[in-house]
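> build me a model:
(chains A and B)
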Amino acid sequence: MENKTPKKNPLSMQLNLSKFNSYMFEKATDEEKRQQDVMSESTTFFKDGMRKLMKNPLAVGSMIVLGLILIIIVFAPLFIPYRYEEILSVNGVRDKGAKNLRPFEYSKLEQQYIEAGGTRFPHIFGTDEQCRDYFIRVIYGTRVSLVVGFFASIIVLIIGMLYGSISGYLGGKVDMIMMRIVDIIYSLPDMLIIILLSVVLQTILKFQPGSLLDSLGTNMISLFIVFGMLYWVGMARLIRGQILSIKQNEYILAAKSIGAPTGMIIKRHILPNCISVIIISTALQIPSAIFTESYLSFVGLGVQAPMPSLGSLANAARGGLQNYPYKLLFPALMICLIVLSFNLLGDGLRDAFDPKLKK
Amino acid sequence: MSKAENKRPLVEVRNLKQYFPIKTGLFKTEMLKAVDDVSFYINEGETLGLVGESGCGKTTVGRTLLHLYEPTAGEILYDGEPVTEKNILSMRRKMQMVFQDPYSSLDPRMTVEDIIGEPLDVHKLYSTKAERREKILHLMELVGLNAEHATRYSHEFSGGQRQRIGIARALAVNPKFIVCDEPVSALDVSIQAQVINMFEELQEKLGVAYLFIAHDLLVVHHISDRIAVMYLGKIVETGTADDVNYNSIHPYTCSLMSAVPIPDPDFIRGRKRIVLEGDVPSPLHMPSGCPFRTRCQHACEKCAQEMPPLTDRGNGHMVACWVK
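Presented below is the predicted three-dimensional model:
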């Protein structure tokens, strides 16, 4: 009698308990209970960021694209039997018909060779007007462009970070003088300096024939030097600004009141708080360096022939644009893929490593 | 208050001055007198409330005490020993600070465990990782945080919880004196009460002394044993909390007290509100004599000529005023 559920008022909105029985409910499993646990588990800052990065489809996609490009440019030259500067020949005879072939097309000499029982590796992107395999040239061009982009960004990052953090942390008069130097460097015309430097360097620099530096050419070296001399100013300004704004935060003052030494404050508080800006601007610096290299090669100031780069390939393709548009398409597409991937990856990195955007 | 009397001063400030150079022209620099000739003391386990309007130098006093700014002149004594740039590291094990803004005073890149553990790292107060963790968990428990909060980042917390983290960080080195720089003014009223009560509980448990900086008079009266009132970098009145509150003498204190909202309509109707005329003068161009004379209704000629000294009006109630 005392356990009886009271009769439900027909107008009541309450759940009618008499309709439920114990068999309608089942006990939560341990795993389900764990899902109710709202506390996230302990992770390090880096792990946490990587986990979020892996959830970003665009970033993962661009990492896959970049990974594929990297695998191709590292391993393709190992099994493609042509070299980037090699003029095609069949059985030691120069193949004069292998000029401007379409993708996967064989020249007459090669067809005869294949009919006679020989095997010939296909020209995946065709050949250029000097009878060279175009695929291997694009691959070497990508290599050159990526290497230039990567090292130029590293140079920019190191110089810019050192300069910017010194200027920002010390502040005051030191900051003012250092920033005026930056302003002066900003006003120098970079194109003029690259041209002047490559002229000067051509006369003073002598590399061992056949070495990597020699095949890159003095233009490339002057490009690196110009990057090291001129292009770091943007990075330096950015990092100085970051450090200036981080310095204002009360947690820096709190660290000082605890008694933390300057080195510890920089290492623990200032650098981790501007690392996301450093990461994204480096990721964005790579495509911009690739662009610079490409347009310098395009105007003829880039790598030394016969070494190709994506820009010089695009420049060479300009001549036969109406008949062979794919020759421009392949290097241009490669530049697009690389630049787009780095930009998307940079965005993803910023989203992942900024705790204020944490979902 | 009897507990204030038979104790020696833990922290004593003598004629503290803190001037900041301000560029006013191309080659001209003027001195901004943020704190001008301030003296006070704080006994062991006692709370001194420091009140005043915005920009009167309360925060500067607190920060100069911890040598976050190098004082222009004057002495800071801890337990009789002067605090200087040389012994500041060891002094920071005895004096700590809780900051005003709980949103910017915690590093967003660090977990709660690392924030509270930082003072332990700096002063090397542990020998094993386990000991560090144990100390951190103990501190978290002390300020009412759960152990599972340790691995979280500060932005995942509410303002009140963040302030608790800040307090735990200050307590980590086991200090005897904490400067509380408006620790509750960024918080909701309901949260303010919780945090204030926690400050009082911690004082009972650990015997810490506070310099409690605030502009909310009710809060200060509630927590303080003694109160000092600041105006334009000078202390104008100091005494026990009840004396300053109920028997205020200095015209500035009176006007402050008349502005305190009291939840009693009958009392409010009977009270005369003293509304001050004009604005606070710029600390760059301080009025001669008493800094308050430009807004004081009792001001006389003597006020313009000379700064009144703090004089005892009985029971340690010191007031700097010629007229009253």
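> nearest the geometric middle of chain B, what residue?
B:I213 (2.6 Å; Cα atoms, centre = their mean).
> elements contacting the host helix or strand of it?
Following DSSP states H and E, one finds B:I213 within strand B:209-214. Strand B:209-214 is packed against strand B:9-23, strand B:29-43, strand B:47-51, helix B:58-65, strand B:177-181, helix B:189-206, helix B:217-223, with contacts defined by 3 or more Cβ pairs under 8 Å, 6 or more residues apart in numbering or on different chains; DSSP states H and E. Backbone N, C-alpha and C define where each C-beta goes, glycine included.
> circling back to that earlier point, which ones are touching the residue nearest to the centre of chain B?
Applying Cβ atoms under 8 Å, 6 or more residues apart in numbering or on different chains to B:I213 gives the contacts B:G49, B:L50, B:K58, B:T59, B:V61, B:G62, B:V179, B:C180, B:D181, B:E182.
> quick one on the thing from earlier: would you list the helices and strands packed on strand B:209-214 in JSON lines and tack on mean neighbour count, mean pLDDT and distance to A:K8?
Below are these laid out as JSON lines (neighbours: other Cβ atoms under 10 Å in any protein chain shown; pLDDT from 0 to 100; distance: least, Cβ to Cβ, whole Å):
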{"stretch": "strand B:9-23", "mean neighbour count": "17", "mean pLDDT": "89", "distance to A:K8": "69"}
{"stretch": "strand B:29-43", "mean neighbour count": "19", "mean pLDDT": "88", "distance to A:K8": "67"}
{"stretch": "strand B:47-51", "mean neighbour count": "26", "mean pLDDT": "93", "distance to A:K8": "59"}
{"stretch": "helix B:58-65", "mean neighbour count": "23", "mean pLDDT": "90", "distance to A:K8": "63"}
{"stretch": "strand B:177-181", "mean neighbour count": "26", "mean pLDDT": "93", "distance to A:K8": "57"}
{"stretch": "helix B:189-206", "mean neighbour count": "15", "mean pLDDT": "90", "distance to A:K8": "39"}
{"stretch": "helix B:217-223", "mean neighbour count": "19", "mean pLDDT": "88", "distance to A:K8": "52"}
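> same list (those) but as TSV, adding distance to A:S288.
Shown next, in TSV, are these (distance: least, Cβ to Cβ, whole Å):
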stretch	distance to A:S288
strand B:9-23	38
strand B:29-43	43
strand B:47-51	53
helix B:58-65	43
strand B:177-181	45
helix B:189-206	48
helix B:217-223	54
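> name the nearest residue to B:I274, ignoring sequence neighbours.
Spatial nearest neighbour of B:I274, chain neighbours left out: B:S255 (4.0 Å); criterion: Cβ to Cβ, 6 or more residues apart in numbering or on different chains.
> count of residues packed around the one you found?
18 (other Cβ atoms under 10 Å in any protein chain shown).
> look up phi and psi at it.
Backbone dihedrals for B:S255, given as degrees, to the nearest 10, come out at phi -70, psi -30.
> now do the contacts for it.
B:I274, B:V275, B:L276.
> how close does the last one get to chain A?
This points to B:L276. With distances taken as Cβ to the nearest Cβ, to the nearest Å, B:L276 is found 31 Å from chain A.
> now that residue: closest residue in space that isn't a chain neighbour?
Spatially, and ignoring its direct neighbours in sequence, B:L276 is nearest to B:R295 (4.9 Å; Cβ to Cβ, 6+ apart).
> and the helix ranked longest in chain A, what does it pack against?
When chain A is parsed with DSSP state H, its longest helix is helix A:134-170. Where contact means 3+ Cβ pairs under 8 Å, 6+ apart, helix A:134-170 is packed against helix A:57-79, helix A:172-186, helix A:218-226, helix A:232-247, helix A:271-298, helix A:310-317, helix A:326-353.
> least confident of these, on average?
Comparing the helices and strands packed on helix A:134-170 by mean pLDDT, the weakest confidence falls on helix A:218-226, with a mean of 76.
> show me what it is packed against.
Counting by 3+ Cβ pairs under 8 Å, 6+ apart, helix A:218-226 packs on helix A:134-170, helix A:190-204, helix A:271-298.
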